[in-house]
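Trainee: Sequence and predicted model, in that order:
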Amino acid sequence: MEALHNIISPDGFDISMDNFNSKEEAWAYFDEWVKRYEHQGYYSSCKGRIPLDQLKNYVREIEYDIDDEE
């Protein structure tokens, strides 16, 4: 079974509108996504400010199954 991957933000949203073909691609996108917050120095979450060097601890990887009939 094939799957698509994404990373879920600390607030529960996919960090990308597109899903990725591999975990490696999803995490590579995460590394680029984090750069968006470098100017302010933290990620602002409904849970409070998260230092960028700790942000990876607050996200989670998700796998979406691809239905072979689609």
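Mentor: Arrived safely, thanks for sending. Residues are numbered from 1 along each chain as shown.

Trainee: And the strands in the protein, which stretches?
Mentor: Defined through DSSP state E, the strands belonging to the chain, from first to last, are 3-8, 42-45, 48-51, 60-65.

Trainee: JSON lines for these, including distance to V34?
Mentor: For the C-beta atoms, the positions are set from N, CA and C on the backbone; glycine is no exception. Shown next, in JSON lines, are the strands of the chain (distance: least, Cβ to Cβ, whole Å):
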{"stretch": "strand 3-8", "distance to V34": "10"}
{"stretch": "strand 42-45", "distance to V34": "8"}
{"stretch": "strand 48-51", "distance to V34": "10"}
{"stretch": "strand 60-65", "distance to V34": "15"}
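
Trainee: May I see the buried residues of stretch 19-34?
Mentor: Within stretch 19-34, the residues that qualify as buried by neighbour count (16 or more other Cβ atoms under 10 Å) are 19-20, 25-26, 29-30, 33-34.

Trainee: Can you list which of the residues you listed are found in helices?
Mentor: The helices, defined by DSSP state H, take in 25-26, 29-30, 33-34 from these.

Trainee: Turn those into a markdown table, including pLDDT and distance to E2.
Mentor: Rendered in a markdown table, the data for these read as follows (pLDDT from 0 to 100; distance: Cβ to Cβ, whole Å):
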| residue | pLDDT | distance to E2 |
| --- | --- | --- |
| E25 | 97 | 14 |
| A26 | 98 | 14 |
| Y29 | 98 | 19 |
| F30 | 98 | 21 |
| W33 | 97 | 24 |
| V34 | 97 | 27 |
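
Trainee: quick one: contacts of stretch 24-42?
Mentor: 5-7, 15-16, 19-20, 43, 49-52, 55-56, 59, 61 (Cβ atoms under 8 Å, 6 or more residues apart in numbering).

Trainee: Filter those residues down to the buried ones.
Mentor: Buried subset of the contacts of stretch 24-42 (neighbour count, 16+ other Cβ under 10 Å): 5-7, 15-16, 19-20, 43, 50, 55, 59.
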